[in-house]
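Q: Sequence and predicted structure are below.
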Amino acid sequence: MSPPIEVAVGLLDEGIPAMLDDLEEYLKGGNRAGALLKATEIVEKDPECVEGLWALLNCGLPDLRRDGSYRVDPTLPEAAKGWALAKRIVALDPTHQGAWIRGAILATQHLGLAEEVLQWWESYREHHPSQTTPVIEQAGLLIRMGHYSEASKRMATLLEPGMDEMHRDQLFRVERMNRTIQRYYDMENLDVFRPQNPNHSSWKDINGMRNLKPASEKFTFFMLAGPLVLWEAIALQWFMPNSCFGMGLAFMLVYASVLWVKKISISITDKRNRPVLDLWRAVEVEATSGKVCIPEQIRDAKLYRTVMTKDYPVAFRQRLEKIVENNEELSKRWEMKLPEWMEYELEDYEEE
């Protein structure tokens, strides 16, 4: 004879805390397999247990390094399951910042869901409107997809009253993003590359580079700086006075020339790699739309293989392979859906 409902609920309430204690012991001891089994058991008993779901998400993915990256790239099933668990967790507990951030990483880097991630960060802002991280991540993704004007508007949000102060690393990143916007917005404001347009001139540039590898900024710099510094060293021996003043002047001259060469090498590499940036955009448009737009002669070439192997993790490549196998063509009229950007009165929010 089964126990009454009240007794069964009581047993469940007593069992979950004890199981959570066991789960914590497994996690503290580094027993990921045991923790995974225990978390699975907890979620089976209580599908809305946030602690169990969070442990299930973490233990179902590879170990993390100190910088937060994975020691081994998660596979497509692992990344997809982690993304689904992150969505379940934030639906149950919208204040769970770990699930928000882990979900964004999986969806952006490992699944390529640009549209969903933009909305994901906007939903995050509903609960943490003063935080700068979601705005910076949105702006970075918009830059990647070629929406430079929209990215600039998002970054202006960082300067609004009531926003949290940015960390040093964030300030450096925002500065780099501003430079990128200035560099490429002027270049594209008349003719933005949209991969869904098969007749765009950028496809010819990509096709022209399809059997080459992307240029390296370091290689370009050393190829230019090496001979220049060598000739300067030879010339300075003949023309500079043999004194402390001469040595100081020689050092300043070499230093200035190295800075100049570095600037030139960045410009040369950017122009040389412009088709690579366009190919990145095309790849990520395919990933977020679930449809193909890259011509077969480019996909079968050296540049595409190099970019996919070097710049994208395992799960992203596996998902894109499925999209290519499905072979559904992207419409010329396709446009990435942008969220409805929310505005917050942060001073009033803090008072509440």
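A: Sure, I can see it. Numbers count the residues shown, from 1 in each chain.
Q: Please make it C-alpha for all contacts and neighbour counts, starting now.
A: Noted.
Q: gap between Gly60 and Leu85?
A: Per CA to CA, to the nearest Å, Gly60 is found 10 Å from Leu85.
Q: And for the nearest residue to Arg210 once chain neighbours are set aside, the neighbour number?
A: Spatially, and ignoring its direct neighbours in sequence, Arg210 is nearest to Leu303 (4.9 Å; CA to CA, 6 or more residues apart in numbering). Neighbourhood size, Leu303 [other CA atoms under 10 Å]: 21.
Q: How confident was the prediction at Asn207?
A: On pLDDT, Asn207 comes in at 92.
Q: Helix or strand: which one has it?
A: Using DSSP states H and E, Asn207 sits in helix 202-208.
Q: still on that earlier bit, is it true that the residue nearest to Arg210 touches Asp205?
A: No. Look at Leu303 against Asp205 with CA atoms under 8 Å: they stay out of range, at 11.9 Å.
Q: Which of the helices or strands spans the residue nearest to Arg210?
A: helix 302-311.
Q: Could you tell me the average pLDDT over that helix, please?
A: Averaging pLDDT residue by residue across helix 302-311 gives 92.
Q: Kindly export the next helix-or-strand element following it (C-alpha atoms) in CSV.
A: Heading C-terminal from helix 302-311, the first helix or strand you meet, by DSSP H and E, is helix 314-326. In CSV, the C-alpha atoms belonging to helix 314-326 read as follows (Å, rounded to 0.1, in the frame of the first residue of the first chain):
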residue,chain,number,x,y,z
VAL,A,314,34.3,21.4,-32.3
ALA,A,315,30.6,21.9,-31.5
PHE,A,316,30.3,24.9,-33.9
ARG,A,317,31.9,22.9,-36.7
GLN,A,318,29.7,19.9,-36.1
ARG,A,319,26.5,22.1,-36.1
LEU,A,320,27.6,23.9,-39.3
GLU,A,321,28.2,20.5,-41.0
LYS,A,322,24.6,19.5,-40.3
ILE,A,323,23.4,22.9,-41.7
VAL,A,324,25.5,22.3,-44.9
GLU,A,325,24.2,18.7,-45.2
ASN,A,326,20.6,20.0,-44.9
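Q: Return the set of buried residues in helix 314-326.
A: 314-320, 323-324 (16 or more other CA atoms under 10 Å).
Q: pLDDT and distance to Arg66 added to these, as JSON lines?
A: Formatted as JSON lines, those follow (pLDDT from 0 to 100; distance: CA to CA, whole Å):
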{"residue": "Val314", "pLDDT": "96", "distance to Arg66": "21"}
{"residue": "Ala315", "pLDDT": "96", "distance to Arg66": "21"}
{"residue": "Phe316", "pLDDT": "97", "distance to Arg66": "23"}
{"residue": "Arg317", "pLDDT": "96", "distance to Arg66": "25"}
{"residue": "Gln318", "pLDDT": "97", "distance to Arg66": "26"}
{"residue": "Arg319", "pLDDT": "97", "distance to Arg66": "27"}
{"residue": "Leu320", "pLDDT": "96", "distance to Arg66": "29"}
{"residue": "Ile323", "pLDDT": "96", "distance to Arg66": "33"}
{"residue": "Val324", "pLDDT": "96", "distance to Arg66": "35"}
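Q: That concludes my questions; thank you for your assistance.
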